[in-house]
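**Student:** with the input below, show me the fold.
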Amino acid sequence: MIDDNPYQVPEEPFKSAPPKPKMLVVLLELIEQWATEIKNLSSDFQMYIYHGDERESRSGTHKKIAGKLTRRHPISNGEEKSSRVMVISALITLRNRHGPSASKTWQVFSSISSPTKPYTQKCGHNVPYFGDLA
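**Tutor:** As a prediction, the model looks like this:
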């Protein structure tokens, strides 16, 4: 009979993952420049810099995150606006605030998912990568 559906249809739709902020890891010298360029490109993003101390950024337009960034940080609250939060950091900051294993984890993750893998392996540079905050 044609009416029989061979596929199981769930009674309730799958619940999607909660919105998360995005993290961009760049060279230390380029943090402010990336933040400014993204802000100029789209005012939809709320920019945070995850480097240095709590003082204002040089341009004064970006907020800074002091201390250790975790899943429990207020910017990771799962609300829709969290998907429009952009955190810009440097590999050195991740290592200093989260320990050497954090930078190793980032390097492994980015080399697996990055289309520039041969470049990073050959030159040893960290390249910009958009990723969800863990």
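**Student:** okay, now the unreliable bits of this protein?
**Tutor:** Applying pLDDT under 70 to the chain picks out residues 1-3, 10, 53-61, 102-134.
**Student:** assign Ser16 to helix, strand or coil.
**Tutor:** coil (DSSP: H, G, I helix; E, B strand; the rest coil).
**Student:** check contacts around it.
**Tutor:** If you count contacts by Cβ atoms under 8 Å, 6 or more residues apart in numbering, Ser16 has none. All C-beta spots, glycine's among them, are computed from the backbone N, C-alpha and C.
**Student:** for it, give its distance to Gly78.
**Tutor:** Distance of Ser16 to Gly78, given as Cβ to Cβ, to the nearest Å: 11 Å.
**Student:** kindly report the same for Ala66.
**Tutor:** Ala66 sits 22 Å away from Gly78, going by Cβ to Cβ.
**Student:** now Asn96: which helix or strand?
**Tutor:** Asn96 belongs to helix 91-98 when assigned by DSSP states H and E.
**Student:** distance between the ends of stretch 82-96?
**Tutor:** Its first and final residues considered, stretch 82-96 spans 25 Å by Cα to Cα, to the nearest Å.
**Student:** can you check stretch 52-71 too?
**Tutor:** With Cα to Cα applied, stretch 52-71 spans 20 Å between its terminal residues.
**Student:** if we go by neighbour counts, what in the helix holding Asn96 is buried?
**Tutor:** For helix 91-98, a neighbour-count test (16 or more other Cβ atoms under 10 Å) marks Leu91, Thr93, Leu94, Arg97, His98 as buried.
**Student:** in this structure the last one contacts Lys68, no?
**Tutor:** Yes - when contacts are counted by Cβ atoms under 8 Å, His98 is listed as touching Lys68 (6.7 Å).
**Student:** and the closest residue to Ala90 other than its chain neighbours, what does it touch?
**Tutor:** Residue nearest to Ala90 in three dimensions, not counting chain neighbours: Leu28, with 4.1 Å by Cβ to Cβ, 6 or more residues apart in numbering. By Cβ under 8 Å, 6+ apart, the residues touching Leu28 are His51, Ala90, Ile92, Thr93.
**Student:** nearest to Lys20 among these?
**Tutor:** Closest approach to Lys20 among those (Cβ to Cβ): Thr93, at 18.9 Å.
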